[in-house]
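Colleague: sequence isn't available, so here's the structure alone:
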Ligand code: AHG
């Protein structure tokens, strides 16, 4: 992409144009995949419009109650889920969907034709942050259908992240951005609310070599194992045998926002296994809707994601809502976490 001497790019490229241009590099492509990405971008714009009005709900009518037009107000996470489903169920591009908000798979209604792709998504991640006006996001992953006949089944969703054909996220922050990869670089688009278009703002995102931040909820330190504690002390420059410059700590508590910052500035986000619920799952975050799609993005931006013991992208999900520990960001830092966990346990 050409730049003028003042740093402003020559071209203004919309997400639609960009996705179409990518399609032309794949002779024989039917356009279904291209349109699917565009449908997601459109759903994102609708969700973005509502998130910017979130603070007005109390003025215009409480969530769960009637608004002044007498319509029932929907909670934003329910609205985001419904928008993703409504935008994608009738297009003929998808065979099945699965959402963090819904216990089972989401079938394509019989009256619509089914397509070849599977869409998994977390419609509104970090939803506990909505009421305090902190950035939230939508995460998505696209797989190819693997069952051969009949309606698609849960088995089509339970694929390792390695098999994703595309993944991305939308961050509803000081501006709305959509970041995605189809395995050919990671590209970021910023929504111009005036014209209602996502414009290419961050082509070919690469995670910087030198990390700046570490992001973890240290409030739960007392529940951590020895490996996680020692790794954290190392990041803070407090390991006497292997001292380093301490990294700056930043934790928003919205995975998309924490990940996005570290992707652009360099760093590591982790949500380790902990002992808050001794009989509970190893981590908090969902493999299918959160960890795997972001691991795909990290990988294609030159980073890495692990559950502390193995690459996230290698994990074959056993159930739709499976949770995993997550370490994601600069490869050297994530590998260091794996080293500490191998030596001292998680
Ligand atoms: P939720 O969507 O229920 O608010 O969960 C958010 C996720 C993720 O976005 C974030 O990084 C993490 O949970 C924060 O959890 P803690 O509050 O336990 O740190």
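Modeller: Perfect, thanks for sending it. Just so you know, these numbers come straight off a predicted model, no measurement behind them. Residues are numbered from 1 along each chain as shown.
Colleague: any buried residues in stretch 282-296, and which?
Modeller: Within stretch 282-296, the residues that count as buried by 16 or more other CB atoms under 10 Å are 283-296. In short, each C-beta sits where N, CA and C put it, glycine included.
Colleague: which of those residues sit farthest apart?
Modeller: Within those, two members stand farthest from each other by CB to CB: 284 and 296, at 19.7 Å.
Colleague: quick check: the residue lying closest to residue 341 once chain neighbours are set aside vs residue 344, distance?
Modeller: Nearest residue to residue 341 in three dimensions, chain neighbours excluded: residue 227, at 3.9 Å (CB to CB, 6 or more residues apart in numbering). To residue 344, residue 227 is 4 Å away according to CB to CB, to the nearest Å.
Colleague: next one: residue 222
Modeller: Remark: distance between residue 222 and residue 344 (CB to CB) = 16 Å.
Colleague: who's more crowded, those two?
Modeller: residue 344 (14 against 10; other CB atoms under 10 Å).
Colleague: get me the contact residues on this structure for the ligand.
Modeller: The chain has residues 125-128, 217, 253-255, 258, 284 near the ligand, with proximity defined as CB under 6 Å from any ligand atom.
Colleague: which helix or strand contains the residue most central in space within the chain?
Modeller: Central residue of the chain (CA atoms, centre = their mean): residue 139, 3.4 Å from the mean position. Taking DSSP states H and E as the criterion, residue 139 maps to strand 136-144.
Colleague: next SSE after that strand?
Modeller: Counting by DSSP H and E, what follows strand 136-144 is helix 154-157.
Colleague: distance from the chain centre to that next one, please.
Modeller: Its chain's C-alpha centre and that of helix 154-157 lie 19 Å apart, by CA atoms, centre = their mean, to the nearest Å.
Colleague: contacts for that helix next, please.
Modeller: Applying CB atoms under 8 Å, 6 or more residues apart in numbering, the contact partners of helix 154-157 are 95-96, 98, 104-105, 118, 120, 143, 145-147, 288, 317, 320.
Colleague: any idea which helix or strand comes after it?
Modeller: Defined by DSSP H and E, the subsequent element after helix 154-157 is strand 166-172.
Colleague: partners of that following strand, with directions?
Modeller: Strand pairing for strand 166-172, determined by DSSP bridges: strand 136-144 (antiparallel), strand 176-181 (antiparallel).
Colleague: so residue 341 sits in a strand?
Modeller: No: using DSSP: H, G, I helix; E, B strand; the rest coil, the assignment for residue 341 is helix, not a strand.
Colleague: tell me, how many residues neighbour it?
Modeller: For residue 341, using other CB under 10 Å, the count is 24.
Colleague: so it is in contact with residue 308, correct?
Modeller: Yes: contact criterion CB atoms under 8 Å: residue 341 and residue 308 qualify, at 4.4 Å.
Colleague: shared neighbours of these two, anything?
Modeller: What both residue 341 and residue 308 touch, as defined by CB under 8 Å, 6+ apart, is the set 227-228.
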